[in-house]
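Student: here is my input, please return the structure:
(one chain, ligands or ions: 1)
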Amino acid sequence: MLKLILPQTAIRAVKQIFAVKMDKNFSTYCRLLSSQKFTVQDSLPHLPVPPLEQTLHKYHQSVQPLLDEEELEHTSKVISKFKTKQGPLLQKLLEERAKKHENWLSDWWKHHAYLNFRSSVVVNSNPGVLLPRQNYEGVEGQLKFAAKFISGIIDYKFLLDEKKLHPEKSGMQPLCMAQHYNILSSCRIPGIKSDSWHNFSEDYPSHITVISNNHFFSLNVYGKKWRPLSVEQIYQQLKVIYSKSEEPAPQIGILTTESRNEWGKIYKKLIKDKQNRGSLESIQQSIFVVCLDRLIPSVAADTKQTKSLMAGQMLHGSGSNSCSGNRWFDKTLQVIIGPDGMCGLNYEHTSAEGPPIITLLDHVLTYCYANEEKILPAVGIQEPVRLKFNLGTKILEAIENAKKNADSLIDDVDLTISQYTLFGKEFLKSVKFSPDAFIQVALQLAYYRLYKEPCATYESASLRRFKYGRTETIRSCTVPSYLFTCAMDDSRVPAIEKIQFLRQAVQVHKNISNDAISGQGIDRHLLGLKLIAIENGMDIPKLFMDTAYTKNMHHKLSTSQVSSKYESIMCYGPTAPDGYGVCYNPQSSAIGFAVSALDTSPETCSKKMTAAIHQSLSDMQKLTLEFQVSKL
Ligand code: COA
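Tutor: Residues are numbered from 1 along each chain as shown. The predicted structure follows:
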């Protein structure tokens, strides 16, 4: 029993003092400890498999605004056939799978949504997060802030290691905390047909990777007895790294922007060399990556446009002439500290959603804003070690190709960051609207105003109230939201009816959100039925080849709420070439938006969409106030 309460820092210290490879007993002992990681975790319910009829009924409802009468009639027949033919057997097989797994979906999801995804992770999968601009200037200010930020993450890691991280709840419901433990010391590793993802926490890495001017360094952030380096000590180490990287190195990091199959092939060649293998392992196993960016010519004055450019720096690094080579996009967490107050991060999505990343960031920002130095200097600090690569002609050619591909991918991104300041979630709560549902209905109105039609919309819902839960889809385009968007600008519709349509649309959105977070959504269940058919060598049911299904999966709006107590904003690319990515941060009295689109699509424009969202919010507020006032 005594053994089980020995803290992680003590274990690491034992390991370091005796410099032993963990023997069998020791590793069993560590496993026992890690099994104590989650106290609430064990009591979390397993993700349910919803009833087949319920899902098919909801699916039928969700496609209605997207189909014409003829298509809907056809889809109704396809659904009925599935309900009586393949559906029941697939449902039974899925229920059997659910009995054998703690979460019937999470492993499938990891592969289906991430590791088997073969396009570049940049823009298409890895989100960026732009933090509020910090008050520092010049290289000294940049390195000092980077040192504080690193120290803040090590402070957060201490909470994880000691299992002191505050268990999160949604209302009264405890949430699964597993994702928090996946963020540090982990990395995606490319393969030729599929990738893998590894967490190295149990190897107790003590170093981070610092990338500066495309040079890679391993920096040990602990001294003797696992004492973390003080901020001043980290700063001194960063100064050494900065001065040793004055001339740019070949952009080895740009290889991680390649399509996954291509990167998988190059990676296989790279690791044939022992030195390369050692350097790559050091990056993969490090606690996290810090990118020290040099000045970006396009980011000049503090204008609204600058925010969008800075967000691009987080999302993709702004191209091979800027900082896209000063990255390792496979790393789960890479912090980006640029000049003149620009900072944020990019994260690889396989193992975690945005909210746990924001929890870490909120902790680190609070740590950075508290002005006191908490940590005493450590002894026994090691000099940063340069990670060397032997790059033959083939790899250098691959780097040149990757630069071209990255540049065309990045040039296509049209990103607008904005802050809507007329109201935030406190106003919405005061008029008894769910803030998230209201914002989602505003997105529907904005899209309808621009295109005069509804579109399939994806909103992420968290499934973290279930063990190892990831996400479900909220299908925000509903019949009531469509009716509201049609009515809102129709002068023939009296305002009293408009507000009724609005209330109904918001309420229905809230209901389907509640269903989604309770494991009673549509999409993951349908995916499960499809995957279980494939796994059992059965024909893929016609339901998944129907026009309705294809239309429903073509998300012209791919949206997500990622809230932070700071003015941080997450951004990601659109999932449909002719669509938008919309991420928002509802704060008390403002709402941050990151809207992305692709320039190659003649139909989309992130600035126009942003303006339409702001206008929709204002018009909906006006309508709401009209009836609030008349009620008084
Ligand atoms: N009247 C007054 N207040 C209301 C209300 C109403 N009718 N409806 C909701 N509220 C309150 C809530 O109680 C809540 O209050 P709190 O801030 O004091 O807790 C607040 O308004 C916000 O609730 P709401 O806007 O309805 O929803 P939400 O913030 O819980 O978000 C989801 C809904 C679906 C976005 C959320 O559950 C979720 O799943 N988030 C994770 C998404 C994710 O993983 N994204 C990342 C992908 S990378």
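Student: report the buried residues of stretch 104-112.
Tutor: 104-106, 108-111 (16 or more other C-beta atoms under 10 Å). Bear in mind the C-beta positions are built from the backbone N, C-alpha and C, glycine included.
Student: now stretch 234-247
Tutor: Per 16+ other C-beta under 10 Å, stretch 234-247 contains these buried residues: 234-235, 237-238, 241-242, 245.
Student: and stretch 594-606, by the same measure?
Tutor: 594-598, 601, 604-606.
Student: neighbours of residue 413, how many?
Tutor: Neighbour count for residue 413, taken as other C-beta atoms under 10 Å: 23.
Student: could you do residue 408 as well?
Tutor: Neighbour tally, residue 408, other C-beta under 10 Å: 11.
Student: so which of the buried residues of stretch 234-247 are in helices?
Tutor: 234-235, 237-238, 241-242 (DSSP state H).
Student: could you pull up phi and psi at residue 496?
Tutor: phi -60, psi -40 (degrees, to the nearest 10).
Student: which pLDDT value goes with it?
Tutor: At residue 496, the predicted lDDT confidence score is 97.
Student: return the distance of it relative to residue 502.
Tutor: 11 Å (C-beta to C-beta, to the nearest Å).
Student: neighbour count winner among those two?
Tutor: Shown here are residue 496 and residue 502; by other C-beta under 10 Å, residue 502 has more neighbours (26 against 10).
Student: what residues sit buried inside whichever strand or helix holds that one?
Tutor: In the assignment (DSSP states H and E), residue 502 maps to helix 495-517. Neighbour-count burial for helix 495-517, counted by 16+ other C-beta under 10 Å, picks out 498-506, 508-510, 512-513, 515-517.
Student: ok, stretch 268-288 next?
Tutor: 270, 273, 276, 279-280, 282-288.
Student: closest one of those to residue 624?
Tutor: Among these, residue 288 lies closest to residue 624 (C-beta to C-beta), at 43.5 Å.
Student: which residues are in contact with that closest one?
Tutor: 153, 184-185, 208-209, 331-335 (C-beta atoms under 8 Å, 6 or more residues apart in numbering).
Student: now swap in residue 541 and tell me
Tutor: 82, 85-87, 90, 529-530, 533.
Student: who wins for most neighbours among the residues you listed?
Tutor: Result: residue 529 is most packed of the contacts of residue 541 (other C-beta under 10 Å), 24 neighbours.
Student: that residue touches residue 88, doesn't it?
Tutor: No - Residue 529 is not in contact with residue 88 according to C-beta atoms under 8 Å; the separation is 10.5 Å.
Student: wasn't residue 472 part of a helix?
Tutor: No - counting by DSSP: H, G, I helix; E, B strand; the rest coil, residue 472 is not found in a helix; it is strand.
Student: avg pLDDT for stretch 255-271?
Tutor: 98.
Student: swap that for stretch 558-567, please
Tutor: 95.
Student: and the end-to-end length of that stretch?
Tutor: End-to-end distance for stretch 558-567: 21 Å, by C-alpha to C-alpha, to the nearest Å.
Student: spell out which parts of the stretch 401-550 of the chain neighbour the ligand.
Tutor: 429, 432-437, 460-462, 471, 513, 517 (C-beta under 6 Å from any ligand atom).
Student: the helices in the stretch 101-250 of the chain, which residues?
Tutor: 106-109, 138-161, 231-243 (DSSP state H, counting those that start in this stretch).
Student: burial of the residue nearest to residue 288 when sequence neighbours are not counted, as a residue count?
Tutor: Leaving aside its chain neighbours, residue 288 sits nearest to residue 333 (4.2 Å; criterion: C-beta to C-beta, 6 or more residues apart in numbering). By other C-beta under 10 Å, the residues close to residue 333 number 25.
Student: with residue 340 instead?
Tutor: 20.
Student: doesn't it belong to a helix?
Tutor: No - in this structure, residue 340 is coil, not part of a helix, as judged by three-state DSSP.
Student: I figured it hits residue 137, correct?
Tutor: Yes - if you go by C-beta under 8 Å, residue 340 and residue 137 touch, sitting 5.7 Å apart.
Student: nothing else from me, thank you.
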